[in-house]
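quick one, structure for this:
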Amino acid sequence: MKNITALSLITLATITGLLVNSQSAQAHRRYYRHYPYSRLSLYDCYPITQWAVDEDPAYHPQAYADGYRQGREQAKRGNSYKPRTAGGEFSRGFDDGYYGREFAGQKHIVPNEITPYTTTQCD
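Numbers count the residues shown, from 1 in each chain. Model (predicted):
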């Protein structure tokens, strides 16, 4: 009986000492980012700027010449005429080449469109 009482007093004193002298834990600040097919993850995230390049296939510097060459090849093979989806200078060149018109050359060159956009980068 003496052992049980002594053991109870020691346990009570230990638990009280741990509760009184414990310090609160402080967490680091984190941002949550949800990925569509995964669980929520803890990451340090920050915004970054990236650049999107919109390349128009119908207006590159050799579009008319490429279209003209492809049109002539299609006509030589005897393939039926199918309009090109690229349009612009490429389509104009393809039509001229397919129907045997004189090579007219590129009339318009549209530069690539470069636009910034902001996204989030996480470590």
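
could you measure the nearest residue to Y81 once chain neighbours are set aside against R72, distance?
Of all residues not flanking Y81 in the chain, Y98 sits nearest, at 5.9 Å (C-beta to C-beta, 6 or more residues apart in numbering). (Each C-beta comes from the backbone N, C-alpha and C, glycine too.) Per C-beta to C-beta, to the nearest Å, Y98 is found 7 Å from R72.

between these two, tell me which one has more neighbours.
Y98 (22 against 18; other C-beta atoms under 10 Å).

mind checking the backbone torsions on that one?
Phi and psi for Y98, reported as degrees, to the nearest 10, are phi -70, psi -40.

which residues in this structure form helices?
For the chain, the helices defined by DSSP state H cover 2-21, 63-77, 88-98.

dump these to a markdown table, plus distance to C122 and mean pLDDT.
Formatted as a markdown table, the helices of the chain follow (distance: least, C-beta to C-beta, whole Å; pLDDT from 0 to 100):
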| stretch | distance to C122 | mean pLDDT |
| --- | --- | --- |
| helix 2-21 | 38 | 70 |
| helix 63-77 | 40 | 93 |
| helix 88-98 | 40 | 92 |
